[in-house]
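Student: Structure of the sequence below:
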Amino acid sequence: MSNQAKYDSLRATFDSFIYEDFHYSMENGEFHAEFDFVLRQDEQEKRRQDKQDLQDIILPNRVEFHPCFRIPSRSFYHWDDIPKPLLDNIIFHIGMIELISYWKIACPKQVIIKPFALDEEQIGWWKKLYFNGLGEFFYVNGIQTDINDFMKIVNDNEISPLPAVGRNDGLLHEQTLIPVGGGKDSVVTLELLKNRIPAIPLIINPRGATNECVAAAGFTEEQTAVIKRTLDPTMLKMNAEGYLNGHTPFSAMLAFYTILLGFATKSKYIALSNESSANEPTVPDTEINHQYSKSVAFENDFRHYVKKYINADIQYFSFLRPLNELQIAKLFSRAKDYHKVFKSCNAGSKTDSWCGKCPKCLFTWLALSPFLKRSELTAIFGKDLLKDNDLRYILDQLDGSVEVKPFECVGTVGEVRACVNIILQTDDNLRDTILDGVAETNDLTVEDYVAQFDEGNNLPELFKNILKEALNG
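Tutor: Numbering: from 1, shown residues only. Alright, predicted model coming up:
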């Protein structure tokens with residue numbers, strides 16, 4: 001059975017996905033929140049359904065999901081200072097982004113919102129985020145749909161509108177919240193800002209690399225904000241049973257969590273680490289982008305939405321947006337204290353290691369290669385990736401030799417070609433490597449990329465000046 005047929009059958013079987021409610025509380029200094037989602041089956045449609053369509057899938061009449069998160073106590077939180085209408089508003093919105101991971105299990109045609117009413121502009125905004133954020137999910141699963149057909153968002157009858165937005169003068173301070181993922185990008189942001197403006201690192205679901213990068217920057221556990229997010233096990237069980245599964249916009253989810261932590265820590269600025277390279281589509285000549293919620297298009301939309309519907313005071317932006325991947329790699333190459341602890345590999349995240357087999361590993365090697373010796377890179381990755389000929393096809397994906405880039409957070413085709421050219425020009429030991437027989441291209445050089453500065457960004461002047469000083473050495 002094709003995934004398109006499964007998609008059509010599941011949508012016919014499950015008529016609605018319902019955002020029922022959200023709850024939050026304080027327990028021994030910890031902030032706890034939980035969401036109530038329901039996947040509801042259309043009984044009449046179920047009776048008409050051809051049983052052969054979904055014969056391998058268990059079809060319950062109603063499925064409840066209760067994902068949750070908690071925020072361990074820290075001395076820098078000011079929960080009591082957040083006005084309740086604002087807190088209700090933010091938690092509601094976190095539920096709006098969390099729900100997409102559960103909706104995609106069966107992709108019902110209708111999403112019913114019960115806690116608060118959304119206006120027409122908001123409904124259009126959320127449909128755009130869901131559709132573009134699920135672009136990879138639809139593409140990889142071979143699902144044909146469009147932004148008008150894939151989902152209808154409706155408000156439940158007689159529900160209240162969102163609490164009014166406003167300004168909260170004095171609630172936020174000249175302080176920066178910096179999400180840290182354990183890779184080179186957030187390390188650069190953390191390293192450049194930590195001594196220039198009061199900063200608090202933020203980690204979602206800490207692991208070895210995130211903890212060690214924060215420690216290398218000089219922050220203790222008590223100086224670090226932490227979110228412990230828990231998926232509902234029923235979703236994982238249904239994925240294993242054969243329901244639809246795939247990529248969701250994690251960075252959009254992170255964005256809404258940072259708004260909560262921004263107010264909890266009284267941080268006026270939220271500095272992400274998304275670069276200009278994230279704007280390039282994964283599939284050429286389409287809008288399908290693995291990094292959609294890292295793109296400047298999403299950032300601009302999110303800033304507008306937060307200002308209009310949540311709060312006008314807090315400032316969300318990507319500190320690294322003016323830079324490309326090679327500029328970030330150059331800045332990171334100077335930060336030697338982090339070279340032994342950072343990890344950008346998703347495949348090895350559970351074991352806190354570099355898998356040495358994936359596009360993230362190879363791209364990170366290539367991006368750093370103009371600025372670090374091959375022996376230094378071998379020490380970081382635990383092996384010489386250029387000698388692993390199993391990576392040749394991944395190189396072809398990264399450098400545009402095949403049409404579709406890997407569905408990973410990697411740089412542009414041009415950046416990869418510039419790095420490959422440098423290696424071909426300077427390394428005499430490439431026989432029997434993945435670059436053996438590769439020809440130089442007439443693309444922009446590494447020097448060209450290092451000289452760029454993308455003005456399509458949202459940086460406040462202070463942050464822009466800090467970045468320019470770093471680029472000037």
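Student: pLDDT score for residue 178?
Tutor: Turning to residue 178, the model gives it a pLDDT of 98.
Student: and it, helix, strand or coil?
Tutor: Under DSSP: H, G, I helix; E, B strand; the rest coil, residue 178 falls in the strand class.
Student: What is the burial count for it?
Tutor: 27 (other CB atoms under 10 Å). Placement of C-beta: from N, CA and C, glycine included.
Student: Does it touch residue 192 like I think?
Tutor: No. Contact status for residue 178 versus residue 192: not in contact, 9.9 Å apart, counting by CB atoms under 8 Å.
Student: What lies in contact with the biggest strand by length in the chain?
Tutor: In the chain, assigned by DSSP state E, the strand with the most residues is strand 14-27. With CB atoms under 8 Å, 6 or more residues apart in numbering as the test, strand 14-27 has contacts from 31-42, 45, 79, 87, 91-92, 94-96, 99, 102-103, 106, 108-115.
Student: which of those are buried?
Tutor: Burial by neighbour count, judged by 16 or more other CB atoms under 10 Å, picks out 31, 33-42, 87, 91-92, 94-96, 99, 102-103, 106, 108, 111-115 from these.
Student: Which ones among these lie within strands?
Tutor: 31, 33-41, 111-113.
Student: Among those residues, find the lowest-pLDDT one for me.
Tutor: residue 41 (88).
Student: Quick check: nearest residue in space to it, chain neighbours excluded?
Tutor: residue 61 (4.8 Å; CB to CB, 6 or more residues apart in numbering).
Student: Pretty sure the one you found sits against residue 38.
Tutor: No. Counting by CB under 8 Å, residue 38 is not a contact partner of residue 61; they are 10.7 Å apart.
Student: what element comes up after the helix or strand harbouring residue 240 heading to the C-terminus?
Tutor: Using DSSP states H and E, residue 240 sits in helix 233-241. As assigned by DSSP H and E, the chain's next helix or strand after helix 233-241 is helix 250-264.
Student: what about dumping the CA coordinates of that next one to CSV?
Tutor: Taking Å, rounded to 0.1, in the frame of the first residue of the first chain, the C-alpha atoms of helix 250-264 are listed here in CSV:
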residue,chain,number,x,y,z
PHE,A,250,11.5,21.4,15.2
SER,A,251,12.9,24.9,15.0
ALA,A,252,9.4,26.4,14.9
MET,A,253,8.6,24.5,18.1
LEU,A,254,11.8,25.8,19.6
ALA,A,255,10.8,29.3,18.7
PHE,A,256,7.6,29.2,20.7
TYR,A,257,9.4,27.7,23.7
THR,A,258,12.0,30.5,23.6
ILE,A,259,9.2,33.0,24.0
LEU,A,260,8.1,31.3,27.2
LEU,A,261,11.7,31.2,28.5
GLY,A,262,12.3,34.7,27.4
PHE,A,263,9.6,36.0,29.8
ALA,A,264,10.5,33.6,32.5
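Student: Kindly calculate the angle that it makes with strand 14-27.
Tutor: Interaxial angle, helix 250-264 versus strand 14-27 (axes from the mean of the first three to the mean of the last three CA atoms, to 10 degrees): 30 degrees.
Student: So which bits of helix 250-264 are buried?
Tutor: 250-264.
Student: what does stretch 262-269 rub up against?
Tutor: 31, 71, 76-79, 81-82, 86-87, 90, 171-177, 197, 200, 225, 261, 270, 311, 313-317, 460, 463.
Student: Residue 448 and residue 418 touch, don't they?
Tutor: Yes. With contact defined as CB under 8 Å, residue 448 and residue 418 form a contacting pair (7.3 Å).
Student: out of the two, which sits in the more crowded spot?
Tutor: Comparing residue 448 with residue 418 by other CB under 10 Å, the one with more neighbours is residue 418, at 25 against 13.
Student: name the element the more buried one belongs to?
Tutor: Counting by DSSP H and E, residue 418 is found in helix 413-426.
Student: worst-scoring helix or strand of the chain, pLDDT-wise?
Tutor: helix 43-48 (a mean of 56; mean pLDDT, DSSP states H and E).
Student: Could you name the helices and strands sitting against the helix or strand following that helix?
Tutor: Moving toward the C-terminus from helix 43-48, the first helix or strand encountered (DSSP H and E) is strand 62-65. Applying 3 or more CB pairs under 8 Å, 6 or more residues apart in numbering; DSSP states H and E, one finds that strand 62-65 makes contact with strand 30-41, helix 233-241.
Student: Need the mean per-residue confidence for strand 62-65.
Tutor: Per-residue scores along strand 62-65 average to 94.
Student: next one: stretch 400-411
Tutor: 89.
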